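Student: sequence first, predicted model second:
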Amino acid sequence: MGNELASRSDSLCCDIDPQFAALLDEVRAGSQDAAWKLVEKYERDVQRFVRRSLNQRLRSKFDSLDFVQIVWGSFFRTPERLHGIDRAEQLIAYLATLAKYKVLTEVRRRLETEKYDVVREDVRNEKRPLPDDNCADTPRPSQVAIAKE
């Protein structure tokens, strides 16, 4: 019984979906139509991984679709990494890892560096200059027009 279960699970995990394999072969060959089909099929998965990884403090700064596009850009920029992918589960795991690292890179940049730290962007207590504070001692256009009359 135990060997029977093990052999059944081995055959399930190693089965290659012929449709998925054909689609991936077309993507590897450079077919744009196949690439669009792949994006349409797995875009929601990538977006879910991005949303799960995105820090709460950065949600007002970034849309999850921005990261989704970055992930797909990286994915198609390095087609040689597709050669080890034979099953949809492998592709999903690869896309999840890509999404995780893209989001983590931006989180570190925005929360752990002083230059881009979003914590420093406290606009509630910031004193904004009045429009007149930025002007030089020259008269405004309306003052010039009144003076000419």
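Tutor: Yep, that arrived. Here the structure is a predicted model, which means the values were calculated and not measured.
Student: let me see the contact set for the spatially most central residue of the chain.
Tutor: Closest to where the C-alpha atoms of the chain average out (CA atoms, centre = their mean) is residue 67, at 1.1 Å. Applying CB atoms under 8 Å, 6 or more residues apart in numbering, we find residue 67 in contact with 50, 54, 99, 102-103, 106. Where you see a C-beta, it was placed from the backbone N, CA and C, and this is true even at glycine.
Student: one more pass at 6 Å, please.
Tutor: Counting by CB atoms under 6 Å, 6 or more residues apart in numbering, residue 67 touches 50, 102-103.
Student: what's the separation between residue 62 and residue 25?
Tutor: Counting by CB to CB, to the nearest Å, the separation of residue 62 from residue 25 is 34 Å.
Student: so which of the two has more stuff around it?
Tutor: Between residue 62 and residue 25, counted using other CB atoms under 10 Å, residue 62 has the larger neighbour count: 16 against 12.
Student: that one in helix, strand or coil?
Tutor: Here residue 62 is coil, with the state taken from DSSP: H, G, I helix; E, B strand; the rest coil.
Student: now stretch 141-149: mean pLDDT?
Tutor: When pLDDT is averaged over stretch 141-149, the result is 81.
Student: what does stretch 27-45 give?
Tutor: On average, stretch 27-45 scores 91.
Student: no further queries at this time; thank you.
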